[in-house]
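> below are the sequence and a predicted model; questions follow.
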Amino acid sequence: MALKRRTKVQVDFSMASMTDVIFLLLIFFLISSTIVVPNSIKVSLPQSKQQTTAKPLTRLTIDANLNYYVAFGSQRERQVTFDEITPFLQDCYAKEPDMYVALYADETVPYKEIVRILNIANENKFKMVLATRPQKK
């Protein structure tokens, strides 16, 4: 007596679940890559009640140890001396006359150092933006 199988074994492989996993991984990496912060120097910015947005093309950073860092556009920050700041900003202004200079100064930096930078901007007619962090509620 010969017994017949009622169900047939399928040898097909379904790619639907694999494409779902790949799609979710793609979304995860796209979202996590946009969270990267361009400023890699640790600076604790002072708090401010009001936030404005400007498109600063040039960044000037003063850390807690009074080290100066500059960057233009999407460049990485590089350390400079105080005397190198003015020529760097003038070169950036020659490339982009409508530039904003964003000043990222640690909240422990003496006011005198910030005024020195503001004097450079005032003498050369640069548009200056002071970077702050939102005030906690």
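Nice, thanks for sending it over. Only a predicted model underlies this, so the values are computations on that prediction, with no experimental measurement involved.
> quick one, helices of this structure?
Remark: helices assigned in the chain by DSSP state H are 16-33, 85-95, 111-124.
> make CSV from those helices and add distance to Val101 to it.
Glycine gets a C-beta too; all of them are placed from N, C-alpha and C. Below are the helices of the chain laid out as CSV (distance: least, CB to CB, whole Å):
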stretch, distance to Val101
helix 16-33, 27
helix 85-95, 6
helix 111-124, 6
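> with mean pLDDT and distance to Arg59 added, can I get the ones you listed in JSON lines?
Rendered in JSON lines, the data for those read as follows (pLDDT from 0 to 100; distance: least, CB to CB, whole Å):
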{"stretch": "helix 16-33", "mean pLDDT": "83", "distance to Arg59": "21"}
{"stretch": "helix 85-95", "mean pLDDT": "90", "distance to Arg59": "10"}
{"stretch": "helix 111-124", "mean pLDDT": "89", "distance to Arg59": "12"}
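> figure out which of the ones you listed is closest to Lys4.
For the helices of the chain, the distance to Lys4 is smallest for helix 16-33, at 31.0 Å, taking CB to CB.
> show me what that closest one is packed against.
Identification of packing neighbours for helix 16-33 by 3 or more CB pairs under 8 Å, 6 or more residues apart in numbering; DSSP states H and E yields no helix or strand.
> any idea how far that helix is from the middle of the chain?
Offset of helix 16-33 from its chain centre (CA atoms, centre = their mean, to the nearest Å): 24 Å.
> let's have the chain start at 51 instead
Understood, numbering begins at 51; the last thing we discussed is helix 66-83.
> quick one: contacts of that helix?
Surrounding helix 66-83, not a single residue is in contact under the criterion CB atoms under 8 Å, 6 or more residues apart in numbering.
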